[in-house]
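what's the 3D shape of this:
(one chain, ligands or ions: 1)
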Amino acid sequence: MSATKELTYSDVAEHTSKKDLYVVIHDKVYDTSSFVDEHPGGEEVMLDVGGQDATEAFEDVGHSDEAREILNGMLIGNLKRQEGDPKPKTSTTTSSSSSAATSSAGGLGVGVYALILVGGALAFFAYQYLQSSSQQKS
Ligand code: HEM
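Numbering: from 1, shown residues only. Sure, this is the predicted structure:
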């Protein structure tokens, strides 16, 4: 009956049916089976995130404190992260999480831009240097 049970993502992913539905919110694991039918937002959205990290879905709706209390009552343990697991979804807003996604996806792009900039600057200065040294000669 301990609430400090450690579950991995693969443990959680085994509970995706309506009668056995786990979700992860803010790195905590909840057994929402008893609540699916009563969810004011409908069972469909709950089933959609069953066995997964529902932090973003849950926070995007802006659930009330009451919703958070209900959630607390369904706590069964903590998520134990393992290598290769999806990144923690701890952001409370979509904008910050989407900007994080863009910056990680754009990692290579930034490097390529930096290379072009540095290469361009080098070429520019080399050109100036050649120009000035050829002017001195004449
Ligand atoms: C997993 C635990 C969840 C709990 C305990 C929960 C609880 C609640 C509660 C109590 C409400 C009533 C309004 C409020 O008090 O904020 C609500 C509304 C709502 N929930 Fe959830 N919810 C959960 C997950 C989700 C997820 C994953 C979604 C995905 C989108 C979602 C979508 C909604 C929507 C759209 C409403 C508004 C329904 C309406 O006002 O017509 N909920 N939820």
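
do stretch 55-74 and the ligand come into contact?
Yes: legend: contact between stretch 55-74 and the ligand by CB under 6 Å from any ligand atom is shown at 57-58, 61, 63-64, 66-67, 70-71. From N, CA and C alone the C-beta is placed, and that goes for glycine too.

isn't residue 53 up against residue 24?
Yes: under the criterion of CB atoms under 8 Å, residue 53 is in contact with residue 24, at a separation of 4.5 Å.

shared neighbours of the two, anything?
Counting by CB atoms under 8 Å, 6 or more residues apart in numbering, the common neighbours of residue 53 and residue 24 are residue 9.

what mean pLDDT does the top helix by length along the chain get?
The single longest helix within the chain, with elements called by DSSP state H, is helix 107-137. Averaged across helix 107-137, pLDDT comes to 85.

all strands of this structure, in order?
In the chain, the segments counted as strands under DSSP state E are 5-7, 16-17, 20-25, 28-31, 75-79.

residue 134: what's it in contact with?
By CB under 8 Å, 6+ apart, no residues touch residue 134.

coming back round to it: just give me the closest of the residues of stretch 55-74 next to the ligand to residue 7.
Residue 7 lies nearest to residue 71 out of the residues of stretch 55-74 next to the ligand, by CB to CB, at 15.9 Å.
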